[in-house]
Structure formats: C-alpha cells, structure tokens
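**Q** Okay, predicted coordinates and the sequence, questions at the end:
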Amino acid sequence: MTTPSSHTDPALDPVLMGDEFVPPTERRLPDSLELDAMGSLGVLELLNAQDRNATEAVAAVLPDLAHLVEIAAERVRRGGSVHYFGAGTSGRLAFLDAAELLPTFNLEPDVIVAHLAGDDRALVQAVEDAEDSVDNGRAAASALTADDVAIGLTASGSTPYVGGALAEARARGAYAALVANNPQPGLAHLADLTIVVDTGAEVITGSTRLKAGTTQKLVLNGFSTALMVALGRTWSNLMVSVVATNEKLRRRVVRILMQATGLDEEASRTLLDACEGELKTAIVASLADVEPARARILLAAANGSVLDALAVR
C-alpha cells in the first residue's frame, strides 16, 4: 500500500522533458499530495480554494481581454464574426458559450461560432486524437476573412488543431488571439495577442478540466458578455434583446419593460402589443415618448442600441 510518506516531493518534478518545457498544469500541486486521504469535504475545500486562485489569475489578464473585446466589437460592427477554436474541455466550453448567446442576446448564429476538434461527436464523448490534426484546424478556419477574429483556446498552449486554425486565420487576414494556461505557450508566434492565464498546478495533476477549465469559462463568459454590451445588446443591466419564445420569456419581457420604464404590468402588456412584441421598440417608444414606428427608426439609426437611440431622439 502507498503511504503518505512515499509521495514524491513535487519540487522534483521535471521542468523540461528533453528540450520541451513542462507547463505548470502538468506538475504536482503540493497542497494535494495527500488528496486520497483527505475525505470528501477536504477534497471539496481544496478544490474551492484553488478555484479562488483561478479567479485571481483571470483578474490579472483583464486589460488584455478588454483589448480583445474592443477589436472584436469593431470587426463585428463592420460585418465580421468571431470564431472559437478548441479541443476537449476548451472546445466544449467554447460551444457552450456560443450556444447561450443566441437566446440571451438574440444573437444571429453566425456572429460567434465555435469549432471543436472532432466536431459534434466530441461534445458528448472524448475524441482525444482529434486535437492532433493541424490540417483539420486549418480546414475549420478556411472560411475566415480579414473582418473576422479567431480565438484559440488551449490549456497547454500547444494543441496542434488550434495551431492549424490560428495559422490559417492569420493567413486569411483575420485577427488571431490565443488563450492559454501555460506561461510558455508554443503557439504564441501564431497569434496577434496571447492571453496567458497562469493557473499553476492542478489539484489532480494534468487535469485541466479543473482550474484551467474554470479560467477558460470565465474568460469566455467575460469576453462574450462584454462584447454583447459593446454591441448594444443590453440596456443598463437589462436583457433587452431577449426574444419571448416561451411563457417564461414572455413574462420576463413584460417584467423587463416594467423595470426599464416604470410602467405597470397592464400598461406594459398594452405597449408590447402595440410594438408587436418588440421589447427594444417598446422601451424607446416609452422613454422617448414616440410612436412605435419612430422608435424603430431611432433604433435602426443606432444599430439597435437603446442607449444610442435615446441619445439621438
């Protein structure tokens, strides 16, 4: 039986294997050497503590992430799109982020697109060898143009699929960004911007679905939410682009209109009917005191931004 005293000192972990740098995510975390003797609560407390470290690591890269948001917003405004590229956990998180933007912000499905090594099959089962294909990464990025943004997501910073996608994206004039958890990412030379979220060693050595995955989820949530705000898909802190496709969302639309305008429920429902269910139109019509037709004109001139429509009324 293995005893705690026989656990290897993590300080002896190799930093290099041959000429290759071993990223921190592949090294041993001293705090988790006794993981199998901690009990369930101890394991959960350690995971929670390490997740707090993950949020701090994201905080350190926020200026770079804000720069990426601004670049993406400018390109989307001129008709471009944003493409995520990832494998394994990174790719699945990218798919989740892109999918949730459609109902939340009424985002057209081709504005933010996720590409996963191994395609849809890899969403529900591991296709581990799919990440090794540079050619598949290139093929996934083959339709990008100079108006687009490519964001590669890889904990190791060296996934061949992501490298192929970034190389092809740059060859086609797209802006290429890399998000990695390795302070020496091998794909950095293929990116216009490299964002390193240094999470260090994982609780379970090499299991980047833990802290590294947490940071990538935070980065994606932050990036896409800030991008939607920049594109006028919100007003104040309200989800004004939501489309009422079921009863829960229909109630939410009424509630949002009440919160935005101060109207009571009956008046909000009446106004929404007059605006054919268009929430932004109803908000502008109420706050600018104009007819729905005029509200639509103001919104069109403001590229759908309620804030800008109200400013030019």
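**A** Received it, and whenever you're ready, just let me know what you need.

**Q** Tell me where this protein has strands.
**A** Ranges of strands within the chain are 16-17, 20-21, 82-86, 112-116, 149-154, 175-180, 193-196, based on DSSP state E.

**Q** In a markdown table: the ones you listed, plus mean pLDDT.
**A** Output for those, formatted as a markdown table (pLDDT from 0 to 100):
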| stretch | mean pLDDT |
| --- | --- |
| strand 16-17 | 58 |
| strand 20-21 | 72 |
| strand 82-86 | 97 |
| strand 112-116 | 96 |
| strand 149-154 | 98 |
| strand 175-180 | 98 |
| strand 193-196 | 98 |
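
**Q** quick one, which of those is nearest to residue 299?
**A** Distance to residue 299, taken as C-beta to C-beta, is lowest for strand 112-116 among those, at 21.8 Å. Glycine gets a C-beta too; all of them are placed from N, C-alpha and C.

**Q** quick check: angle from the closest one to strand 82-86?
**A** Calculated by axes from the mean of the first three to the mean of the last three C-alpha atoms, to 10 degrees, strand 112-116 forms an angle of 20 degrees with strand 82-86.

**Q** partners of strand 112-116 in the sheet?
**A** The sheet places strand 112-116 alongside strand 82-86 (parallel), with pairing taken from DSSP bridges.

**Q** What would the strand it pairs with look like as CSV? C-alpha coordinates only.
**A** This file holds the C-alpha atoms of strand 82-86, laid out as CSV (Å, rounded to 0.1, in the frame of the first residue of the first chain):
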residue,chain,number,x,y,z
VAL,A,82,-15.8,35.7,-34.0
HIS,A,83,-14.7,32.1,-34.2
TYR,A,84,-13.6,30.0,-31.2
PHE,A,85,-11.3,27.0,-31.8
GLY,A,86,-10.6,24.4,-29.1
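
**Q** list the contacts for the spatially most central residue of the chain?
**A** For the chain, the residue sitting closest to the mean C-alpha position, by C-alpha atoms, centre = their mean, is residue 220 at 1.7 Å. Counting by C-beta atoms under 8 Å, 6 or more residues apart in numbering, residue 220 makes contact with 84, 93, 94, 97, 153.

**Q** that older thread, turn the strands of the chain into TSV, columns for distance to residue 206 and mean neighbour count.
**A** Putting those into TSV (distance: least, C-beta to C-beta, whole Å; neighbours: other C-beta atoms under 10 Å) gives the following:
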stretch	distance to residue 206	mean neighbour count
strand 16-17	13	8
strand 20-21	15	14
strand 82-86	17	27
strand 112-116	21	23
strand 149-154	14	30
strand 175-180	15	27
strand 193-196	18	20
